[in-house]
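> Provide a 3D model corresponding to the input given below.
(5 chains, ligands or ions: 4)
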Amino acid sequence: MNNKSKNAFLNYGLVIVFFVVFQALLSTGNISSLLKGLLVPMTAYMILAISLNLVVGISGELSLGHAGFMSIGAFTAAFVEGVILNNIKMEGPLSKNLGVQILIFVISVIVAAVFAAIAGFLIGIPVLRLNGDYLAIVTLAFGEIIKNIFNCIYISIDETGVHISDKNPSLDASFAGKMILEGPQGSVIKKVSIFAAGIILLLLVLIIVQNLVNSKAGRAIMAMRDNRIAAESSGLPIKKYKLMAFTISAAIAGAGGALFALNSTGITPKQFDFNASILILVFVVLGGIGNMTGSMIAAALLYILPEMLRELDVQKYRMLIYAVLLIAVMLITNNEKIRALAGRVFKKKDKVSVKPEAGKEA
Amino acid sequence: MLTNLFNGIGLGSVYAIIALGYTMVYGIAKMLNFAHGDVIMVGGYASYCTMMYLGWPPAAALLFSMAICTVLGVLVERLAYKPLRNASNLAVLITAIGVSYFLQNAALLIWSSNPKVFPNIFNMPFFQGVTASAASVSADAAAADTASSGVFSVKQRGTLITIVVNLIIMAGLTLFTSKTKMGKAMRAVSEDRGAATLMGINVNRTISMTFAIGSGLAAIAGVLLCATYPNLVPTTGSMPGIKAFVAAVFGGIGSIPGAMIGGILLGVIEITARALVPTVPSDIFVFAVLIIVLLVKPSGLFGKTVREKV
Amino acid sequence: MSEKKEKEFVLETNHLGIDFGGLTAVDEFNIGIGKTEIMGLIGPNGAGKTTIFNLLTKVYEPTRGNIILDGKDTHGMNPAAVNQAGIARTFQNIRLFDKLSVEDNVKIGLHNHINYGLFTGVFRLPKYWSEEKKAHEKALELLDIFGMADQADVRADSLPYGAQRRLEIVRALATGPKILLLDEPAAGMNPSETEELMKNIKKIRDDFGIAVMLIEHDMKLVMGICENIAVLNFGKVIAKGSPSEIQSNPQVIEAYLGTKKENA
Amino acid sequence: MSETMLKVDDLNVYYGSIHAIKGISFEVKSGEIVTLIGANGAGKSTTLNTIGGLLKAKSGTIEFEGRNIGGTPAHKVVKEGMALCPEGRRIFQQLTVKENLEMGAFTRNKAEADETIEQVYEQFPRLKERVKQVAGTLSGGEQQMLAMGRALMSKPKLMMLDEPSMGLAPILVDQIFDIIVKLNKAGTTILLVEQNAQMALSIANRAYVLETGKIVNHGTGEELLHDDSVRQAYLGG
Amino acid sequence: GNTESGSTAAANPDAGETEEAAAETEEVTETEEGEEAEAPETSEGGALTGTLNVGCIGPMTGGAAIYGNAVQNGAKIAVDEINALGSDFQMTLNVQDDEHDAQKSVNCYNTLKDSDTQVIVGTVTTAPCIAVGEEAYNDRMFMLTPSASSTDVTADKDNVFQLCFADPNQGSASAQYIYDNQLATKVAVIYNNADAYSSGIYQTFKAKADELGLDIVSETTFTDDTANDFSVQVGQAKDAGADLIFLPIYYTPASLILGQAYDMGYTPKFFGVDGMDGILTLEGFDTSKAEGVILLTPFSADAEDAATQSFVGKYNDQFGETPSQFAADGYDCPYAIYKALKFYADKNGGLDVTGMSYDEICEILISVFTDPDFSVDGITGQGMVWDANGEVNKAPKAVVITNGVYVGM
Ligand SMILES: Nc1ncnc2c1ncn2[C@@H]1O[C@H](COP(=O)(O)OP(=O)(O)OP(=O)(O)O)[C@@H](O)[C@H]1O
Ligand SMILES: Nc1ncnc2c1ncn2[C@@H]1O[C@H](COP(=O)(O)OP(=O)(O)OP(=O)(O)O)[C@@H](O)[C@H]1O
Ligand SMILES: [Mg+2]
Ligand SMILES: [Mg+2]
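Ligands and ions are numbered 1, 2, ... in the order given. Reported below is the predicted structural model:
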């Protein structure tokens, strides 16, 4: 077994251990409500971090609008759930119907991934022509557009079908349907996803991404990242692969968004704004660009960190502390001395680049 | 339509002035300083406090807030960015975001979340005098808009002042980076820090200098922003900061005139969209136009398409 | 022009040229390369040699003229298509996929010869394993030409300079070209390494039966292995011929070789 | 050839955990051309970069004109009168040729710079033709000339050149070495790192041979040119 | 049911007041006695004892921080006052910051659950309130939101109650008011279409206005991200000849709109809703620009009654600001809960809340809040009663800003 597959299996193991530990805590009731409530969103953010890492780490493009794909997935899930619940007869509440929950979960995740993939494909087209900060700004713009669109559409469902409007129909006295998306107020959701489902999705995503990276397509994507001109001159159809990376990443983000949404009781467009995109980026960078293990760990830790600070007696300074910690972690992990030390400890040939890359120029 | 154009320029000129400072740091230190918007906010508060609590005249308040922001910019650079000189761009980006959160939350603790209404400095006799004389120059624009012909409304006066300040800063920065030794050194540093060092350029000092200038400009932008849209809260700088970033990219990264034109265009698009389709969020159009423009001109309006030498 | 008709060419150019703004970097470049010929392209710095490679591989779009590869005009092709049609190259400033392993660099070259799709790759169907195995073996075989098979797992950017140059050649070769363009392959190599390289270039030509066009300032190498040489100055060909003809051409001596003899 | 200008003693340099320079000592006397030769990765560039202040030594001393400059940052080393013309040229790609040259004279005033720039144009007429061209679009050779011209702009007492002939046409290689000799004659002390051992040794007063971070041989240029082991390894037999 | 209960309240204002006043005096004497006797446990019939853990959720940081902080401050004052009454009943207040984010709000809720919270005051903003409401409904935790005003907050959830007006009430009441008082012939609306509160009120306003035949000549929007420049919106209203602009928005953007209209020399009537309250206390705001602004508000910091005066005084002392309506809502919430528990204790021969589970408390509070005999007099309304939906009934007051102060209309 070579290094790469060792790494991949390490990640699967990590996820499974994560699951077993928390599942044990859950079933013995030894877990706080807060942590219990955080498990699924945490898993969702792990998926999102992996998805963004595919763009940032593997294909080497900066995306500042990943929450846009997440929100497409989330609202798609809300929509699918609404449609299914509207068309299905069910005894008792949803929480007692595991079968229906699974049905909703599976269909939602798939449809969410497809919708997000379509969006990813569309936004991928400009990606082909742009790079660097110009690309970053286009993704940012895309995220903002999505947020604003969700903010002003209203989707309802009744026996005649689904209605999309820019006015809120529920304010009409004669309205007899059910609102699925209510503009800025977002969607009310009946909770379905459970921790185990999230973990299965996470594992699936990991398998897809890691296998992709170690396949022909993944190599091509990484080659483009390292040197576009050389990749092109080696016969790689770079448009195809750039688009592929973007679309797959978007699909995964959509699936993550669906998981996130189905575990919450309500989602709003505002939740998926620029700051949310940045949050995911923070996970990726802190976990190490291109490093899937790191992304997952960073997503888990950083997602719960500010929440854990709630329990301490520092409420007022919570976000200030978070900011300081963020800066401190960046400074420490990038400190040359500490890196050199880590390099010696882990015997990694980490290039301490004092000799700037430009040395190879011309 | 003419009114909308004028209003658009009014909004755009505010974006432009922020974008100029942004581009400065962005073009030279080669980093997306997401905390720039928050430095603007600090500038706003600094001048607000000196004017309202200490009763300083606006000019003194402006100078004071420039001093504060300059010190703040340099301090942040020294403490948070300098240790990351050799780290990846993204690491610096995340640190900048950390700084942004920090400034916002510190401001929240200091000044609370209650908005402060910024005094209308454009209404002061000095500016009235200045713009009254300028009135004759662009009388047609004014006549189309104001009922009391010939005299500028406060808002138009603000726009005019902002544009004049924009032009001065733009010219100043252009001259500075192309003509002065320090300015050229900045460009050299932006390209290859190692090689710049070998020329005898003190890279750290040059980058600090960049931040000092950028943050000083942020203070000016803060005062003008708040004077135009007088609600001052800890998050005042964030959205204009992002818009200014967009404007800078729109105009072409690192291009000083590009930042200004990009800012003004952004404002015009935003206002026009709002006028034409009043019930749809105007940002949809702003960002859609941006994407389309970048598709046609992938390096922004004034960006040089630097062909990579192979 | 007359010589062109005599042989069968793998690559031919007619009136090829490009301008950068006001600067005419290459003009009236007409050349034909035989199926297994090794041709040298020399000339002073800035003469336009690298630019010609960029034109041939469509990194730059020619301002005028055309390029015929194996009887087909490459007009409208992008660099990837040109490569698939049979032109592979190396770069003057090394362009490896730094963060990939040596083996993966070669596998990128083999990309279009590995036959499985995205789905097969992501779900690791049997075809994935068999094709990857084939690619692995092929990559090692190619690396062995330069004795680099034992470094297959090393990251490309941690290779020494000379080895990086050799890896670039292997990668180019892996794409299965009809003609190989080498831009200063011996730059940064010491004399013994250069000698080794000369042998290998010949071997590649013989074993693979392909044409080679190379840019080089090391006259020992150029004169040692090239069958024909074209000399470029200010974007124009000033001389063409065998090594001995070139060496004694006064125009070439004046513009390029100089009078001292150390390099020969 | 009198007093010592540069003296390096027991220098050790690391890249992270890689021990690149293993206790080397050498000196350059005022007015000399000294060359360091060695294979790829021997540590030649590392040595120059350490002297120039770009890298920090782990231990050892570097004395320039009797003053210890070990650990002095690169931008201050320049003021001491030392210029490093780095490997790979490292010219400012977006700046014009003229602006690049002006950067070279950053530590000096305008009048001095204007004077020197004319001298540089004399050495490299090609640069004068291209004053307004953006440096990034120059050809390899042109860029090398620019890099050397830029280093000359600080009127250094000691000029360190890292593989100046790399990638140059034979005629230019000749020219570059001619220029080096001329500069030296005009009073600049030269520390030259070269792969082209033949040429380097033929113009050097003294030379050191570097192998995997250690000095394994030294002598006058002439001696090493005829040394068998050197011929074997670096001159192609 | 609105008008009906509204009229009962209106018909019987004195009764409510005297009743409450009586209760107040009774309470005071009671506790004094208790302290002297030092035997609270066994005191007669209706004693409320023990410590109630109240949790409060709202945005304390970020763009909506102003509302969360106001509620928090108001609630603190109320809790301090209740604790200082000297009875054996105490309240603790645990405030959590949700940054106006639904998911974080649920996290806050879970944190509160972990720290033995028994009732929730919150959440402050609408969308998070809906999300938390669902959780609380499943858990059976009682929620009283000071300010989340959408009907969706309370819909289908018997455990969630509002202290503020629901949006439809405000929207249609505003239209009705404008119509009844013939305030305008041509109306313009500027609302925030990225905000549930604002677009909710707008839409009910619009429906009612259409029904009444009010002429809406211009409808323009903005979002939180574009809440700077209102030149287009105000300009369109002006061009359309609107003589009244309806602003179903918060006071921060409203202050900009007023300023920009003023600069344009455009002086229509401005009509706001409860979110407009606070505009006079904006630091540095030139109140002359708000001259003539009409708003429907349940609270006015200038009201002369003793309760409001005392609250405003304390708020000013502690936080250096004049309280907004959010602060007042925040202040009324703990009192409403306190009074409800006391109401129960009185009826059922005492109640010790210490260590009671949140679902027990929830059932008690639901029964009291839906009890037609239970009403609360607060600083945001006299004789507030709740319907089974959880919506409050109280009469909105229309006030007009004259010389920088609210004057009842
Ligand atoms: N992208 C470009 N834009 C503008 N000018 C260019 C560009 N690329 C090359 N040139 C110019 O074209 C000329 C030829 O450059 P080229 O790189 O082909 O030279 P070369 O023959 O390979 O030289 P060397 O041996 O030094 O590498 C040079 O004068 C160079 O400045
Ligand atoms: N930035 C770096 N990080 C890690 N190791 C490095 C770095 N730069 C150089 N090295 C290593 O240090 C050793 C000396 O390198 P150096 O560049 O000094 O060699 P050189 O003699 O100049 O070779 P060349 O002729 O290729 O320029 C080599 O083993 C090299 O791999
Ligand atoms: Mg070349
Ligand atoms: Mg070297």
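
> taking the stretch 151-300 of chain A, what residue is nearest to chain B?
As assessed by C-beta to the nearest C-beta, chain B sits closest to residue A:285 within the stretch 151-300 of chain A, at 4.7 Å. (C-beta placed from N, C-alpha, C; glycine too.)

> isn't that residue right up against residue B:90?
Yes - counting by C-beta atoms under 8 Å, residue A:285 does reach residue B:90; the two are 4.7 Å apart.

> any weak-confidence spans in the chain?
All of this is about chain A. A:1-3, A:171, A:173, A:193, A:313-315, A:340, A:343-362 (pLDDT under 70).

> oops, I was thinking of chain E
E:1-45, E:409.

> the longest strand in it is where?
strand E:48-58 (DSSP state E).

> what packs against that strand?
helix E:65-83, strand E:89-97, helix E:102-114, strand E:119-122, helix E:325-348, strand E:351-352 (3 or more C-beta pairs under 8 Å, 6 or more residues apart in numbering or on different chains; DSSP states H and E).

> and these: which comes nearest chain B?
That would be helix E:65-83 among the helices and strands packed on strand E:48-58, by C-beta to the nearest C-beta, at 3.6 Å.

> is that closest one anywhere near chain B?
Yes - Helix E:65-83 reaches chain B (C-beta under 8 Å from any C-beta of the partner chain) through E:65, E:66, E:69.

> give the buried residues for that helix.
By neighbour count on 16 or more other C-beta atoms under 10 Å in any protein chain shown, the buried set for helix E:65-83 is E:65-79, E:81-83.

> can that helix be found next to chain A?
No - between helix E:65-83 and chain A, judged by C-beta under 8 Å from any C-beta, nothing touches; the nearest distance is 10.1 Å.

> kindly export that helix (C-alpha atoms) in PDB.
Presented in PDB, the C-alpha positions along helix E:65-83 are these (Å, rounded to 0.1, in the frame of the first residue of the first chain):
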ATOM      1  CA  ALA E  65     -26.600  43.400  17.600                       C
ATOM      2  CA  ILE E  66     -28.400  46.500  18.500                       C
ATOM      3  CA  TYR E  67     -31.700  44.700  18.900                       C
ATOM      4  CA  GLY E  68     -30.300  41.900  21.000                       C
ATOM      5  CA  ASN E  69     -28.400  44.200  23.300                       C
ATOM      6  CA  ALA E  70     -31.500  46.400  23.800                       C
ATOM      7  CA  VAL E  71     -33.500  43.300  24.800                       C
ATOM      8  CA  GLN E  72     -30.800  42.000  27.000                       C
ATOM      9  CA  ASN E  73     -30.400  45.300  28.800                       C
ATOM     10  CA  GLY E  74     -34.100  45.700  29.300                       C
ATOM     11  CA  ALA E  75     -34.500  42.100  30.600                       C
ATOM     12  CA  LYS E  76     -31.600  42.700  33.000                       C
ATOM     13  CA  ILE E  77     -33.300  45.600  34.600                       C
ATOM     14  CA  ALA E  78     -36.500  43.700  35.000                       C
ATOM     15  CA  VAL E  79     -34.800  40.700  36.500                       C
ATOM     16  CA  ASP E  80     -32.900  42.900  38.900                       C
ATOM     17  CA  GLU E  81     -36.100  44.600  39.900                       C
ATOM     18  CA  ILE E  82     -37.900  41.400  40.400                       C
ATOM     19  CA  ASN E  83     -35.100  40.000  42.400                       C
END
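
> so how far is it off the chain centroid?
12 Å (C-alpha atoms, centre = their mean, to the nearest Å).

> that helix packs against which elements?
By 3+ C-beta pairs under 8 Å, 6+ apart, helix E:65-83 packs against strand E:48-58, strand E:89-97, strand E:119-122, helix E:306-319, helix E:325-348.

> and the contacts of the shortest one?
Pointing back at strand E:119-122 there. The contact list for strand E:119-122 (C-beta atoms under 8 Å, 6 or more residues apart in numbering or on different chains) reads E:52-58, E:71, E:75, E:109, E:112, E:129, E:132, E:136, E:141-146, E:148, E:330, E:333-334, E:337, E:358, E:361-362, E:365.

> looking at chain D, which residue is nearest ligand 3?
residue D:140 (5.2 Å; C-beta to the ion).

> how about the nearest residue to that residue once chain neighbours are set aside, secondary structure?
Take residue D:140 and drop its neighbours on the chain: the residue closest to it by C-beta to C-beta, 6 or more residues apart in numbering or on different chains is residue D:167, 4.7 Å away. Under DSSP: H, G, I helix; E, B strand; the rest coil, residue D:167 falls in the coil class.

> look at residue B:132 and report its pLDDT.
The score at residue B:132 is 53. That number is its pLDDT.

> again with the one 10 residues further on
The pLDDT attached to residue B:142 in the predicted structure is 41.

> same question for residue D:115.
89.

> which element, helix or strand, includes it?
Applying DSSP states H and E as the criterion places residue D:115 in helix D:110-123.

> hmm, who's touching that helix?
D:98, D:101-102, D:105, D:108, D:127-128, D:149, D:152-153, D:155, D:179, D:182.

> now intersect these with the strands, please.
Going by DSSP E, the strands hold none of these.

> could I get the full set of strands for the chain?
Went with chain A since none was named. So, for chain A - with DSSP E - the strands run A:154-158, A:161-165, A:178-182, A:187-188, A:266-267.

> actually it's chain C I care about, not the one you picked
Using DSSP E, the strands found in chain C span residues C:9-20, C:23-34, C:38-42, C:64-69, C:72-73, C:87-89, C:179-183, C:211-215, C:228-233, C:236-241.

> deepest-packed of the ones you listed, please.
strand C:87-89 (a mean of 29; mean count of other C-beta atoms under 10 Å in any protein chain shown).

> other SSEs contacting it?
Strand C:87-89 packs on helix C:49-56, helix C:161-174, strand C:179-183, going by 3+ C-beta pairs under 8 Å, 6+ apart.

> can you tell me if the second one touches ligand 4.
Meaning helix C:161-174. No - residues of helix C:161-174 contacting ligand 4 under C-beta under 5 Å from the ion: none, with a closest distance of 8.0 Å.

> nearest residue to residue 181 in space, please, no chain neighbours.
Since no chain was named, I'll use chain A. In space, residue A:181 is closest to residue A:155, 4.2 Å off (C-beta to C-beta, 6+ apart).

> let's do chain B instead
Residue B:181 sits nearest to residue D:106 (C-beta to C-beta, 6+ apart), 7.0 Å away.

> show me the contacts for the one you found.
Taking C-beta under 8 Å, 6+ apart, we find residue D:106 in contact with B:181, B:185, B:199, B:200, B:201, D:78, D:154.

> phi, psi of the third one?
In this case it means residue B:199. Dihedral pair for residue B:199: phi -80, psi -10, per degrees, to the nearest 10.

> now do the contacts for residue 81.
As the question left the chain open, I've gone with chain A. A:104, A:108, A:189, A:190, A:192, A:262.

> my bad, the chain I had in mind was chain C
Contact analysis of residue C:81 by C-beta under 8 Å, 6+ apart lists C:58, C:74.

> quick check: the gap between residue B:213 and residue B:207.
11 Å (C-beta to C-beta, to the nearest Å).

> er, residue B:88 I mean
As judged by C-beta to C-beta, residue B:88 and residue B:207 stand 17 Å apart.

> more crowded one of those two?
Legend: neighbour count by other C-beta atoms under 10 Å in any protein chain shown for residue B:88 and residue B:207, higher for residue B:207 (25 against 13).

> give me the nearest residue to the more buried one, chain neighbours excluded.
residue B:29 (5.4 Å).

> and the pLDDT at that neighbour?
Residue B:29 is assigned 82 on the pLDDT scale.

> that one: neighbour count?
Residue B:29 has 22 nearby residues by other C-beta under 10 Å.

> sorry, back to before: which strand residues bridge the residue nearest to residue A:181?
When bridges are called by DSSP bridges, residue A:155 pairs up with residue A:164, residue A:181.
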